[in-house]
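Chemist: Need the 3D shape of this:
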Amino acid sequence: MTVAQKLWRLRGLAILVIMAMVLAACGAPAGAPAAEAPAGESAAPAEGEEAAAPATGRGAGGTANVIYWQAPSTMNSYLSGGTKDIEASSVVLEPLAHYDPDGVLVPYLATEIPTVENGGISEDLTSITWKLKEGVLWSDGTPLTAEDVVFTAEYCMNEEMGCNAASGYLDIASVEALDDLTVKVTFTKPKPFPYGPFVGSQNGHIIQKAQFQDCTGLKAQECTEQNFYPIGTGPYKVKDFRANDTVLFEINENYRDPDKPYFSEFVIKGGGDAAAAARAVLETGEADYAWNTQVEPQILAEMEAAGIGTVITAFGPGVERIMINFTNPDPALGDKRSEWTPEDPNPHPFLTDYNVRKALSMAIDRSALNEVGYGAMGQPTCNVVPAPAYQASTANDDCLVQDIEGAKALLEESGWVDEDGDGVREKDGMRLSLLYQTSTNSVRQKTQALVKQWWEEIGVETELRNISADVFFGGDPASPDTYGKFYSDVEMYTNTWDGTDAETYMGNWTCDEIARAENQWLGNNISRWCSDEYKDQYQALMDELADTVGTEARGEIVKQANDLVVQDYALIPLIWRGDVSVAANSLKGVHMGPWDSELWNIADWYREE
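Modeler: Now for the predicted structure:
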């Protein structure tokens, strides 16, 4: 046994505990709250402990009304890159293990978290074996088996369907059912962190083989009934699904805990905006919970003063960023618009110029953006990986100081000059004129307006566009307005990942992950960044990360990968955002964390008047 393997044996699950401790100590910016529950709530109980809900039991609580103003467009978390869809589907679908608010793995469909110590991970780190709980039923009354777990892997690993969680299923040689309740994943090489497949809401939802076996590959998007009404093992099942509007859930009578869930109905209502969603909870009391209330901090504080509800904040890996399109989005290109292939990368006419990308970043005052839109609920950042602290780079902090004059000089030196005096720089007949899109949200529109002002000050003409969040973050391959299609020059949004380890997330910038027609525009490399100069170096870092044991050592590799991406300006990080939602004071059992779906423990929610 190698020294590394012995270290892994000694640490086992303790690695995850250490990660959580590091996060608790260092993960949030100074003065910012850590994962926080409504007043009076304690840490989340592990599944299987005494129920948090009152003794009145299952279905006694009437209807819980929840607002996801970015309304769900599908209940299949694998067919949308939008967090809203992953969140909604987690009411019905479950992984083998969730991450709790501290980033620690908690078994759900599995009996325990596999480690080397308990025999679940092989000594050579090339396999992980999961044991399923006995007696778990799908909502149609049939038993969950290892074959469903195997099928889930095959479903997502099918290259034709464009599974958005594909980066969580890397380096897999085989997934096999050893018996009805045992699943073994064998990797092509040692995996020091083998908790990618089947873990967390983003990569882990188990789908039923019987329901989806005829919906694989290119057929996946066509199966509307399956994608809108998935059969699940969670506490609820879908009663009525209205895309981009409302989802009505009813109790799954086959849920394994006879005392849960407390609410007889669970409603996710979409539409409106973040401010209206927050108001419905904090001021009018029309709703019990509202997700992602990206609202100016002073407005939230005024609403909270009514005393009806509480603002909940948890700092995790979320970063508001501007993505750079490395392909040409010109509508005149037709089907080639924003399309990348290995044979024809279709380069953008001016954003492939490094100095242009750098100048765009230099012109931005991140502190001003934070003050206007986030306050204590955000912090300016120059990284795409801001937390936990052990994997947050300090090599890019020069971006924290705006440099308008430096940006102008850089463009001038690069041959971009305003020849006709109209305020827009040109070079070889090409104007620095770009389309900047994002979702419809008051904070984002204020951000756009400020950035437009700074960019035009350095000679970059900027047209602004905002798109309904339901559509922008949807996964409809026919829509021209999704962020995956990227039919603009730059676009802005927040992105995050499950758990504290960033290996899977950093895999999103490999060339294989580029969003394009071949994968239904569901690839995670939205920028289409596949630099000839850096792609081999970047892939080497990903390979090294996959072979490295230990939190600190892995963090150093993540920092290097982060630096390659941000120093080549594949994106422009802006704000390290805290996850901000609001809950009625009467709603209990909510334990929101930044490392998984906010609805990860929905079975434990209840109301106390």
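Chemist: Moving along the chain from the helix or strand where residue 407 lies, name the first helix or strand you hit.
Modeler: Residue 407 is part of helix 404-413, with elements assigned from DSSP states H and E. Using DSSP H and E, the helix or strand that follows helix 404-413 in sequence is strand 426-427.
Chemist: Just after that next one, pick out the following helix or strand.
Modeler: strand 430-431.
Chemist: Starting from that next one, tell me the next helix or strand along the chain.
Modeler: Next along the chain from strand 430-431, counting by DSSP H and E, comes strand 433-439.
Chemist: For that following strand, what does the pLDDT average out to?
Modeler: The average pLDDT within strand 433-439 is 97.
Chemist: Parallel or antiparallel, which strands does that strand pair with?
Modeler: strand 461-467 (parallel), strand 490-495 (parallel) (DSSP bridges).
Chemist: Show me what counts as buried in that strand.
Modeler: For strand 433-439, burial by neighbour count (16 or more other CB atoms under 10 Å) applies to 434, 435, 436, 437, 438, 439. All C-beta atoms are positioned from the backbone trio N, CA, C, and that covers glycine.
Chemist: Just after it, pick out the following helix or strand.
Modeler: That would be, after strand 433-439 and using DSSP H and E, helix 442-457.
Chemist: With mean pLDDT, mean neighbour count and distance to residue 145 added, can I get the strands paired with strand 433-439 in JSON lines?
Modeler: Output for the strands paired with strand 433-439, formatted as JSON lines (pLDDT from 0 to 100; neighbours: other CB atoms under 10 Å; distance: least, CB to CB, whole Å):
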{"stretch": "strand 461-467", "mean pLDDT": "98", "mean neighbour count": "16", "distance to residue 145": "42"}
{"stretch": "strand 490-495", "mean pLDDT": "95", "mean neighbour count": "22", "distance to residue 145": "34"}
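Chemist: of all these, which lies closest to residue 557?
Modeler: strand 490-495 (19.9 Å; CB to CB).
Chemist: who touches the helix or strand following that closest one?
Modeler: Counting by DSSP H and E, the next helix or strand C-terminal to strand 490-495 is helix 503-506. Contact partners of helix 503-506, identified using CB atoms under 8 Å, 6 or more residues apart in numbering, comprise 167-168, 170, 193, 196, 203, 317, 385, 497-498, 541-542, 545-546, 554, 558, 561-562.
Chemist: 7 Å instead?
Modeler: Residues from elsewhere that reach helix 503-506 (CB atoms under 7 Å, 6 or more residues apart in numbering): 167, 168, 193, 196, 203, 497, 542, 545, 546, 558, 561.
Chemist: Tell me how far the fifth one lies from residue 233.
Modeler: The spacing between residue 203 and residue 233, counted by CB to CB, to the nearest Å, is 17 Å.
Chemist: got it, and the last one?
Modeler: When distances are taken as CB to CB, residue 561 and residue 233 turn out to be 35 Å apart.
Chemist: for the residue nearest to residue 508 when sequence neighbours are not counted, what are its contacts?
Modeler: What sits nearest to residue 508 in space, not counting adjacent residues and going by CB to CB, 6 or more residues apart in numbering, is residue 524, at 3.8 Å. For residue 524, the contact set (CB under 7 Å, 6+ apart) comprises 81, 164, 167, 508, 513.
Chemist: how does it look with 10 Å?
Modeler: 81, 164-167, 484, 495, 497, 504-505, 507-510, 512-515 (CB atoms under 10 Å, 6 or more residues apart in numbering).
Chemist: Need the pLDDT of it.
Modeler: 90.
Chemist: Skipping adjacent residues, who's closest to residue 308 in space?
Modeler: residue 285 (5.2 Å).
Chemist: Equivalent analysis for residue 381, please.
Modeler: residue 576 (4.1 Å).
Chemist: cool, residue 71 as well?
Modeler: Per CB to CB, 6+ apart, closest to residue 71 is residue 270, 2.0 Å.
Chemist: Neighbours of residue 123, how many?
Modeler: 15 (other CB atoms under 10 Å).
Chemist: Hmm, it is touching residue 115, no?
Modeler: No: checked against CB atoms under 10 Å, the pair residue 123 and residue 115 is beyond contact range at 11.4 Å.
Chemist: returning to that earlier point: where does the residue nearest to residue 308 land on pLDDT?
Modeler: pLDDT at residue 285 comes out at 96.
Chemist: Need the three-state assignment for it.
Modeler: Secondary structure, DSSP: H, G, I helix; E, B strand; the rest coil: residue 285 is coil.
Chemist: Please give me every residue in contact with it.
Modeler: Contacts of residue 285 (CB under 10 Å, 6+ apart): 306, 308, 309, 584, 585, 586.
Chemist: What about those residues, which are in strands?
Modeler: 309, 584 (DSSP state E).
Chemist: ok, the residue minimising distance to the centre of the chain to residue 502 distance?
Modeler: Centroid-nearest residue in the chain: residue 496, 3.6 Å away (criterion: CA atoms, centre = their mean). Distance of residue 496 to residue 502, given as CB to CB: 11 Å.
Chemist: Same question for residue 131.
Modeler: Applying CB to CB to residue 131 and residue 502 gives a distance of 27 Å.
Chemist: The two: which has the busier surroundings?
Modeler: Between residue 131 and residue 502, residue 502 has the larger neighbour count (other CB under 10 Å), namely 26 against 20.
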